[in-house]
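Trainee: The sequence and its predicted three-dimensional model are supplied below.
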Amino acid sequence: MVQVYERNLEFYVNWVEQRLPQYALTKFISMLPKKARVLDAGCAAGRDSRYIAEHGFSVTGIDISSNMIWEARRRASLAKLYIDFKAMDLEALNFNEESFDAVWCYGTLNHIRKADLKLAMKGFSRVLKKGGIIFIEAEEGEGEKEVERNEILGERIICAFFSQLELEEALTTNGFEILSCIVDDNEINLFAKKL
């Protein structure tokens, strides 16, 4: 999967840059304390990281693809923003406990194995401060399957799909309270708070 994104990096990044999730980002930012430290988990080329940083927050962006991280750093530099980008797997977060006030996880969970969902949520819980906010966007569905991503990548990739119940259960069993969840057009948008 990483290789598919890296082979199509320029096209993918240009496609994504034009699709800012404005409503979700605005709501997310409104929930943050002043000077919040935010983890952008699966930041790709840093589109959302830059938006959050432009609003005065300290952002760390991680992505499993080192080429995406290079592009994220380049774009942040062009925008004259300091964002700490790191190549890292979200299933093995290398941060101290309670390092962040919030986690932004947009479209990333569909790229992990379903069996690793609870591990990812456990990691998010570990690095979030008490009262910290998490936002998750994921594609709704069942199982793991190869899907066509021609309009984005020009290739097929394996994706995991989740139900609202699966995501909510993975969060609540790891110490989160669900604040809101909207499912629309097979897209889940979920906000939760660490208890």
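Mentor: On my side now, so go ahead.
Trainee: which one's the longest helix in the protein?
Mentor: helix 66-78 (DSSP state H).
Trainee: Next SSE downstream of that helix?
Mentor: strand 84-87 (DSSP states H and E).
Trainee: Parallel or antiparallel, list what pairs with the very next helix or strand once past that following strand.
Mentor: Sequence-wise, the next helix or strand downstream of strand 84-87 (DSSP H and E) is strand 100-106. According to DSSP bridges, strand 100-106 has the following sheet partners: strand 37-41 (parallel), strand 128-139 (parallel).
Trainee: Just checking the distance from strand 100-106 to the centre of its chain.
Mentor: Relative to the centre of its chain, strand 100-106 is centred 7 Å away, using CA atoms, centre = their mean, to the nearest Å.
Trainee: hmm, who's touching it?
Mentor: 21, 24-25, 28, 31-33, 36-42, 48, 52, 60, 90, 124, 127-129, 132-137 (CB atoms under 8 Å, 6 or more residues apart in numbering). C-beta coordinates here come from the backbone N, C-alpha and C atoms, glycine included.
Trainee: Drop anything exposed from these.
Mentor: Neighbour-count burial (16 or more other CB atoms under 10 Å) is assigned, among those, to 21, 24-25, 28, 32, 36-42, 48, 52, 60, 90, 124, 127-129, 132-137.
Trainee: re the thing from before, any buried residues in the longest helix of the chain, and which?
Mentor: Quick answer for helix 66-78 (16+ other CB under 10 Å): 67, 68, 69, 71, 72, 73, 75, 76.
Trainee: separation between the closest residue in space to the fourth one that isn't next to it in sequence and residue 73?
Mentor: Closest residue to residue 71 in three dimensions, ignoring its sequence neighbours and counting by CB to CB, 6 or more residues apart in numbering: residue 45, at 4.4 Å. Distance of residue 45 to residue 73, computed by CB to CB, to the nearest Å: 9 Å.
Trainee: Look up how far residue 85 lies from the most centrally placed residue in the chain.
Mentor: What sits nearest the mean C-alpha location of the chain, by CA atoms, centre = their mean, is residue 105, with 2.1 Å. Going from residue 105 to residue 85 by CB to CB gives 16 Å.
Trainee: for residue 39, same thing?
Mentor: The gap separating residue 39 from residue 85 is 11 Å, by CB to CB.
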